[in-house]
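[1] sharing a model that was predicted from the sequence below.
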Amino acid sequence: MSKLIYLVPLFPLIGFLVNGLGRKALSRSIVSIVGVGSVLASFVVSLLIFLEVKSPGFTPQVITFFDFIKTGKLQIPFAFQVDQLSSLFLLIITGVGTLIHLYSTAYMDEETAPDFARYFAYLNLFIFSMLLLVLGANYVIMFIGWEGVGLCSYLLIGFWFKNDAYNDAAKKAFVMNRIGDLGFLLAVFWMIARFGSTNFADVFAQAPGASAAVLTGITLLLFVGATGKSAQIPLFTWLPDAMAGPTPVSALIHAATMVTAGIYMIARSNVLYNLAPITQNIVAVIGLATALFAATIALKQNDIKKVLAYSTVSQLGYMFLGLGVGAYTGAIFHVMTHAFFKALLFLGAGSVIHAMHHEQDIRNMGGLKKYMPVTHITFLLACLAIAGIPPFSGFFSKDEILTAALLKSPVYYVFGVIGALMTAFYMFRLYALTFQGKFRGTHEQEHHLHESPKAMTIPLIVLAILSVAGGLIGIPEVLMKDAHRLQSFLAPVFAESQPGGETVSHLSHSTELILMFGVVAIILIVIVLAWRKFSNYTKTTETSTGFSSILENKWYVDEVYDAIISKPLRSFSKFLNNVVERLAIDGLVNGVGKAVQYGSRQLRLIQSGQVGSYILIMVVATVLFFIIQLFWKS
Amino acid sequence: MAEILFWLLTALTLMGALMVVFSKNPVHSVLWLILVFFAISGHYIMMNAQFLAIVNLIVYAGAIMVLFLFVIMLMNMNSDTEPQKNKWLKMAGAIAGGSLLLVLVAALKDTDIKTRSLSGAEGNIGLVQELGKVLFTDYVLPFEISSVLFLSAMVGAVVIGKKN
Amino acid sequence: MLSAFDNFPALLIWLPLIGGVIAFLLKNEGSVKTWALFSSIMTLIVMGVSLMYTEPKDYLLNQVSYIWLKDLGSSFGLMLDGMSRILCLLTAISFPLIFAATWNTHYKTPNAFYGLMLLTQCGLMGVFLATDALVFYFFWELALIPVYFLASRWGGEKRIQAAFKFFIYTFAGSLLLLIGILYIYLKTPNQSFSLVSFYNTTLTIQEQGWLFWLFFIAFAIKMPVFPFHTWQPDAYEQSTSAVTMVLSGIMVKMGVFALIRWLIPLFPDAVKSYDNIVIGLAVVGMIYASCIAMVQDDLKRLVAYSSIAHIGLMCAAVFTLDHEAMQGVMVQMFSHGINIIGLWIVVELIEQQTGVRKISELGGVAQKAPILAIMLVIIALANVALPLTNAFVGEFLMFSGLFRFNIWYAAVAGLSIILSAVYTLNMIKNVFYGNTNTLTETFREITVNQRVILAVIVVLVFMVGVYPGPMFQLVEQTTDVILKRISAK
Amino acid sequence: MPVNYYIFLSVALFCIGIAGVLTRRNAIVIFMCIELMLNAVNILLVAFSKMHHLAGLAADAGSRAGSEGQMFVFFIMVVAAAEVTVGLAIIVMMYRNIHSVDINFLNRLKH
Amino acid sequence: MNAIILSAIWGVVMMYTGVVTKKKSTPKVVAILGILLLITANWLEYAGLPFFNVHTGGMLAFTSFGLVFNLVAFTATLFYFLLSGSDMEDVGDNVADYFALIFFVLCGVSIATSFASLLMLFLGIEIMTIPLYILAASDKRNLKSNEAALKYFLMGTFSTGLMLMGIAFLYGASGTFYTEGLNLGFGSLTPMVMAGMVLLMISMAFKVSAAPFHFWTPDVYDGTPTVFTSFMATIVKAAAFIAFLRLFENAFGKMHSEWQLLIAIITALTLIIGNLTAVFQQSVKRMLAYSSIAQAGFMLLAVFALNNTGKQGLILYAAAYSLATIGVFAVLIKMKDYTFEGFNGLAKYQPLLAALLTIFLLSLAGIPLTAGFFAKYYMLVAALKNGQMFWLVIVGILSAAVSIYYYFRVIQAMYFKEGKDPEIHVSEGFKTILLVAALIIIILGIHPDWLLNLLNN
């Protein structure tokens, strides 16, 4: 079965080509069928592969198709790696992808036919790239997908390219990603230089022989790549802006899949990271800082998608925290559950936006629960999941990360919990403002409010089920013995970096339980507070001041970046262009020409026209020549 | 005796030359120049080059200088019409000439032949007979060729002088 | 033994030459254009056929010599090795593309224009094929003269000055080259200009030192490498598009090519002692040019500066003397040529319709011409070396080699990856996206012909980008031989 | 009389000629100064001729060594005569056109 | 010897032609016949068939170097006659006399290329220059022509004085005028030899218009009727170079290292001043005058190097430079406006003429595929082979780059600028001959060995 692995990315690629090339010729329905069908086909194959991987006796396989680059000593095959980690991601990507494609057929129905096809082409291309990313058996193939998803993200954020703000957001996303990509590339170069190969197997096999400095360097550079793709400090600002794209895109790319590429990559490189403890700490600290930082911003956002975006950044921070503290399974687990509930949240938000005719400000919503029951329920479930209320999926995954963090350091744990509280607060603020209370929009909007079509609600329902039940594959040991099926499934991948069961056993079961339910209790209190506070929200015109205004303005990070990077770079470039280039370098070149002309003008004045002076110069020259000849040798 | 004569002629030559340069009136310059030629002819005779001495007088002092005189007369030149260079240029010219002299003297003061004497009337190569022999044997080619020179000078005089 | 293959190199030179002369004689604009296209396609066919012949084992033996100036020790020696093939192929592909892409442009005295274009092709082919230093120098200049006329006669208002600056700058450089060539020639044991005897001449370290700079400056001006680049933006801006394509697509490769064939193997010691300076210059130039490209408002100038940055990388990679990097350079020479010609074609298409090149005055073209926009996006992204496009392969290897040479050079040079994304996306955004204005309101979608031309480029972009294997095989031997020469010495 | 004397006499005469060329503006006078220079050369040649002749005689009583020097002087005179013809013709022509022989008037051609 | 005698005779023939016929075109035909005769005679002598057996007393030595140069010079003169012969009619009435003078000059050229004695050098150079004084003055009513003639005359005789002084010193030191005798006698640089050598060098530098003794050149070339400038600046100058090279090779070859620095200084100054000053000229004619100085700088490299390559190169240079310059002048004579602007838009009205002119200019600039390239090539190789004073080569190269500036100004004017129709009237024959000249330049640019192999016989 794993021989058929090429089919997985092939289907979306075909979908992309068909929809892309035939964008003018194809009707909407065909586009939808091709778009959704290709991903669905992929999903089916992925499922088959997953089953094969899951079956006992399976060994990870590398399937090589051809040599992508083969020159000199360097050989980079175009090869796919089929193992537990990649097959799990295949499922997530194609699964969530299928749902979102389906959802999109309804969500994007306002677009003209060619744009509709273009949209699906992009989306399929994205799936293709993402699959390449997770399937690649070496860092170069991974990088192809890595850049590919960035490109698709760029294309989809700027999907409505008439709007310049969207274009700017798209550009920002791409450039920020590129900054990270540079780190990734440098890491790859370092691997080539040090290990002579980029194949996972070769690199991991040789890694223990490398010096700590090299490993720290490589892993840090890889992490720089991850901060770009997964929107961590300092490269996170693109993600909230990326909400400019169509909402399903936000769900698929900017929540469920692409942004988790960084986590996938680090999990994939767990062997390297385990050998570089300094990097691990940095990853943990950055992750935690991002989680808190983004959560604070999310508290005061009024755009429904912005809240979710910052929430995504924050959740990604948790995943990195998990990676940093060595809880690879936990991080992957959270990726999975997060894919479910965050996709659900976004799709729910999309449903709301669709119903509200592209109104995104939650202050203008309220009381939608009666108009959109399915959306309402599924959204609530997702909120509960993300807030970490048992037995919803978020609880299990987040708990696993927090537990691991506690083992590493109580400080991580405390801050992690604070973040979790904030998560609960802003999610229920969002929920309450949107669905509870009275409708605060215009009558026109109210008149048109309705539940979304089936194509949209079905994915919501499916995702809701997954959000609710998804956590059950990873029930912690303290609750049920040997019920963490994810851990046992992924164990071969992380085998080398798991120091066995010792760390887990450091914490007594009772402590763990107390902490677990203590946290849940506090979260519940926070939820109630938020619910009550925002259920009866009325619009005010007063502007916020002080700290809350700082939060509302996202800590002015964009402004700071603008002031310390963009603007200086631009002025520097202008300086180079206007001063260095024009005056110095070109001036020098032209100066040579001018000097020649000047010399010419002066020199020709010797030609005075007077015979007397000519002869005088001749005589003087004769005298000089005699002098030279007389004294030259002596 | 010969020495005294040498110095006398030398003094005459140089003084005449200087006067050629300094005379304001071109006519005087010509006359001084003729004097110089006579003195030079004297030198020639002292060096036993009688033929050249005579030719010098006939060709230079006689023909060429008379030509000069004619031209000057034709143009009615005198010291009043004589253009003068400004003082500085004159000075520069004199200095340049002087320094050339200085340099040449410096270069030549230590020649290996400087003490070889030219005294004595031995030898007869300077006589017409001898020179004529050489001229029409070994030097017949240059002699013929110089006719081309004269031809071209003649043509030139015609071309330039002829009225259009 | 003279096999059929032996005549291909000469044919590649004669075909354009004869074509050019005939073009001069034709009077009718249509027939001149048709003839030029036909002639260039013929050359392409010959090139294609010659690709099928394999390269003999010893690369220096793979040459054909025709007797020329026997007394001077010069013969009309040509060689079609891997590197030559890549560049001749680029030249052969480019000209039909250029002719086709500028089919609708009307030139005054078209016969002269196309004649000169074909003569340029002849010169370029000669440069890439020559194995005799004097022949090389001849073609080096021969490629320059027609381009000078092309750039001065057709183009923008300041074209005369720009072309003249270009000409005098490169000419001065090539005079230095001439001195260097002559010096080595006099040092060769048998007073010969042939590549073989140049290779076999031992030069002292001091000699290598200054000869290196004579050669390098000549090539650096041609490439151009910072700070010898100031002729380039002016020349690109002022020339007519077809000429700009030749200049940027192929001509700048002459410099890189010459570095590899005529500089590196000749002065191994000097290369090793000056590599840091040269790479430093190249890296500074990359960042410098990228920064300046960010603030350009003229499409042509933007592409020009981006080209300087890309060439800088090639120059740096050559001097790493790294096998993989060198391979990257070879492939990138081809890829960059294709990509930048593609970019110019798009610029030309825009200028044809709107009459402007100012980025700030354009906008919304994608609405009116989505296919053009798609093509441009693909080509532009290839230009910034997105994976699976042709430039990625080359740049990846070059950066990788640079990294092995020195981490910090690679890190600094890597910033250009980011900067290139910035200016490319800015350009795409401001020209293609956003709303239309009065200038672009009436923009029409490109015609079928134009689509085909751009499609050819896009196909090439992906062909090399996805499966670069054949390219590497083509040049592997050349790289091997050249690098072995250096390590041997 | 050592040959040295003649050398210095000749050089002095030569330099006076040069100084004359440099200090005067009248074309005719300048021309005369050039004639002075030529005569300086003539003296020198004759002196050397004599010197070489004496040396030749010392070796061989019938030697004609040195005659070439006098021949040369002869040819210099010939050439000088030709030059004077042409030169005076040019000067007269100029005089006919501008009624002056001042070389400073000749400055239309410059730079 | 054939050439010397026949050219002198033909000069006389030309004089009589002027008397016999009043038709203005006849002298040109006769002159062309004469030059063809000269070429043939010279060729025959080169092939070993001298017509005359004259007792030269060893004062002339006919080497293949001199004879091949004669061939080049006569051929160039043929082109000159064919292209510009008719334009002499515009200068004055004495067309036959002009031709006669030119034949006398050719006689001087032939002497200067074969002298073996300083006496013949002196006579040869005088025969070369005295007719030129007259030709310069030939436009009698034109003050510029007057001025040129007088300047040329005064400075020329002055330099003759210097040369004679030099010869006198050399005679004093060696007792002979034979160059060979000098060379055998000079192992080292005694004061007398030094003084003589320097003075000779200066006077020869004057003749070839090398800086800083070049001042006469621009003014004289500018003032002289253009049709004669063309001749003066090419054939005569090249011949002076041959004389220069022969003199220094035969008489001072053994003490090459003693005077190399001086020549190097002269060369460098000539290159720099010639090229730099040419840059700012407004008149094409004057630009060509300065360019001739600049080209002289390159040719001086042959004297500097004093090796076989240099000698070969000098022949090639003479051919390339003379043909190209004669071609440019031939067109210039037809123009009414001598400024650069006068050439504006020429390509539009006279495409063939412009194209040919471009070839000539490219050759002068030393662009490959023209004879000018190989001419410069040989000079550079010669200088490099010499192995001394590498900086001179660099100066040469840089000034060659500068020269592009002024040569290409003409090209720019012709091709890239708009202008009025200059209304040039040229016959088809003129164009054909110009085309032949251009072809020769290109052929020599591809196969210089075809000319230079003549030297190896």
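    Perfect, thanks for sending it. Residues are numbered from 1 along each chain as shown, chains lettered A, B, ... in the order given.
[2] how far away is A:G158 from chain D?
    A:G158 sits 64 Å away from chain D, taking C-beta to the nearest C-beta, to the nearest Å as the criterion. The C-beta positions use only the backbone N, C-alpha and C, and glycine is treated the same way.
[3] then A:F143?
    67 Å.
[4] wait, that residue sits on C:L388?
    No. The criterion here is C-beta atoms under 8 Å, and A:F143 misses it with C:L388 at 10.4 Å.
[5] which one's more surrounded, those two?
    Comparing A:F143 with C:L388 by other C-beta atoms under 10 Å in any protein chain shown, the one with more neighbours is A:F143, at 24 against 20.
[6] how about the helices in chain D?
    Counting by DSSP state H, chain D has helices at residues D:3-23, D:27-59, D:67-98.
[7] the residue of chain D found nearest chain C and A:V526, how far apart?
    Minimum separation of chain D from chain C (C-beta to the nearest C-beta) falls at D:H111, amounting to 23.8 Å. Distance of D:H111 to A:V526, computed by C-beta to C-beta, to the nearest Å: 93 Å.
[8] same check on E:K311?
    102 Å.
[9] ok, C:L402 next?
    Taking C-beta to C-beta, one finds C:L402 at 52 Å from A:V526.
[10] can you list the weak-confidence ranges in the stretch 351-500 of chain A?
    A:497-500 (pLDDT under 70).
[11] tell me the residues on it that lie near chain C, please.
    For the stretch 351-500 of chain A, the contact set with chain C under C-beta under 8 Å from any C-beta of the partner chain is empty.
[12] quick revisit: which of C:L402 and A:V526 has more residues huddled nearby?
    Relative neighbour count places C:L402 above the other of C:L402 and A:V526, with 29 against 20, counting by other C-beta under 10 Å.
[13] wasn't that one part of a strand?
    No. Read with DSSP: H, G, I helix; E, B strand; the rest coil, C:L402 is helix and lies in no strand.
[14] and the nearest residue to it once chain neighbours are set aside, what is it in contact with?
    Leaving aside its sequence neighbours, C:L402 sits nearest to C:A410 (C-beta to C-beta, 6 or more residues apart in numbering or on different chains; 4.5 Å). Contact analysis of C:A410 by C-beta atoms under 8 Å, 6 or more residues apart in numbering or on different chains lists A:186, A:189, C:399, C:402-403.
[15] so which two of these are the farthest from each other?
    A:L186 and C:L402 (10.5 Å; C-beta to C-beta).
[16] now do stretch C:421-431: distance to the chain's middle.
    Using C-alpha atoms, centre = their mean, to the nearest Å, the mean C-alpha position of stretch C:421-431 is found 24 Å from that of the whole chain.
[17] what's the angle from the strand or helix carrying E:S203 to helix D:3-23?
    Taking DSSP states H and E as the criterion, E:S203 maps to helix E:191-207. Counting by axes from the mean of the first three to the mean of the last three C-alpha atoms, to 10 degrees, helix E:191-207 lies at 30 degrees to helix D:3-23.
[18] counting contacts, what elements does helix E:191-207 pack onto?
    Helices and strands touching helix E:191-207, by 3 or more C-beta pairs under 8 Å, 6 or more residues apart in numbering or on different chains; DSSP states H and E, are helix A:611-631, helix B:87-108, helix E:143-174, helix E:237-252, helix E:256-279.
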